[in-house]
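A.B. asks: Here you go, sequence then predicted model.
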Amino acid sequence: MLDLLGYMTDSAAIAVNLIAILTVLPLKLRQRLTAAGVAGAWIGLASALGASGALAYSPAQPFPIVGALFATPLLATLAFALGSRGFREALLAIPTELLIGLNALRVLGVLFLALLVVGRLSGPFPYFAGIGDILTGLLAIPLARRVARGEPASIGAWNAFGALDLFVAIGLGLTSGEGGPLQIFHVGAGSLAMQSLPFSLVPTVLVPFYLIVHATIAAQLLARRKAPVLKLA
């Protein structure tokens, strides 16, 4: 039952995020289709590796492929942001309230706690990942509304909390992976459920996406601080 819910929620979250971002990006049709194709190929690769068992740690596979899949979208986005002014401007043009609002889907982190209850996750990982995501998602809803209305809002504090939650979750996930080279916590299942579908889509697709979202929001806030203030004569 939890796997079915995982497939439904992960697929829905990925689809909503992808459609929302591609819709607002100032791209031509060909560019939009190319971006959708690249994203689809990445999701397909992550799904295939999760389904084949290639993400599970074993003596024959000690390399943390999950970590590599997590890092690749972040490094690629950073490279494009540093190398392309148009790419940077496109990211900065995304409405901040949309980026914040997409984080509302992180309330689905309740599934981490459900996996903890049935013994498919254990140790500190599901607590931090689940509760942190739920809080980030719940706070995102009123915050996005305030930003959309132009009202004062603590965007920076919320953004820092949401990003830190993801970094802590991925760190605990890697150090709780049974048989992994970075394992520190030897507590039952650890983060085992995150090494196969449907939940492997969280560290390989959704977590990188939300970290990119947080980085974009931080860049938008920084750009606003640096923007020249026009003084009336």
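C.D. replies: It's in.
A.B. asks: What strand or helix carries the residue nearest to Gly188 when sequence neighbours are not counted?
C.D. replies: In this structure, Gly188 finds its nearest non-sequential neighbour in Ser122, 3.8 Å apart by CB to CB, 6 or more residues apart in numbering. Yep, even glycine has a C-beta here, placed from its N, CA and C like the rest. Taking DSSP states H and E as the definition, Ser122 sits outside all helices and strands.
A.B. asks: Quick check on Ser122: phi, psi?
C.D. replies: phi -160, psi 170 (degrees, to the nearest 10).
A.B. asks: so where's the chain uncertain?
C.D. replies: 58-63, 179-180, 227-233 (pLDDT under 70).
A.B. asks: try 50
C.D. replies: For the chain, the stretches with pLDDT under 50 are 230-233.
A.B. asks: would you list every one of the helices in it?
C.D. replies: Counting by DSSP state H, the chain has these helices, from start to end: 2-24, 29-52, 65-83, 85-93, 96-102, 110-117, 124-148, 155-175, 201, 207-226.
A.B. asks: Put the alpha carbons of the last one into CSV.
C.D. replies: Which is helix 207-226. The C-alpha trace of helix 207-226 is given here as CSV (Å, rounded to 0.1, in the frame of the first residue of the first chain):
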residue,chain,number,x,y,z
VAL,A,207,15.5,16.6,-3.5
PRO,A,208,17.8,18.1,-6.2
PHE,A,209,14.9,19.9,-7.7
TYR,A,210,13.9,21.5,-4.4
LEU,A,211,17.6,22.5,-3.6
ILE,A,212,17.7,24.2,-7.0
VAL,A,213,14.5,26.0,-6.0
HIS,A,214,16.0,27.1,-2.7
ALA,A,215,19.1,28.3,-4.5
THR,A,216,17.0,30.3,-7.0
ILE,A,217,15.0,32.0,-4.3
ALA,A,218,18.3,32.9,-2.5
ALA,A,219,19.6,34.3,-5.8
GLN,A,220,16.4,36.3,-6.3
LEU,A,221,16.7,37.8,-2.8
LEU,A,222,20.3,38.7,-3.3
ALA,A,223,19.5,40.3,-6.7
ARG,A,224,16.8,42.5,-5.0
ARG,A,225,19.2,43.6,-2.3
LYS,A,226,21.7,44.6,-5.0
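A.B. asks: In terms of secondary structure, what does it contact?
C.D. replies: Judged by 3 or more CB pairs under 8 Å, 6 or more residues apart in numbering; DSSP states H and E, helix 207-226 is in contact with helix 65-83, helix 85-93, helix 96-102, helix 155-175.
A.B. asks: what's the closest of those to Thr204?
C.D. replies: helix 65-83 (4.1 Å; CB to CB).
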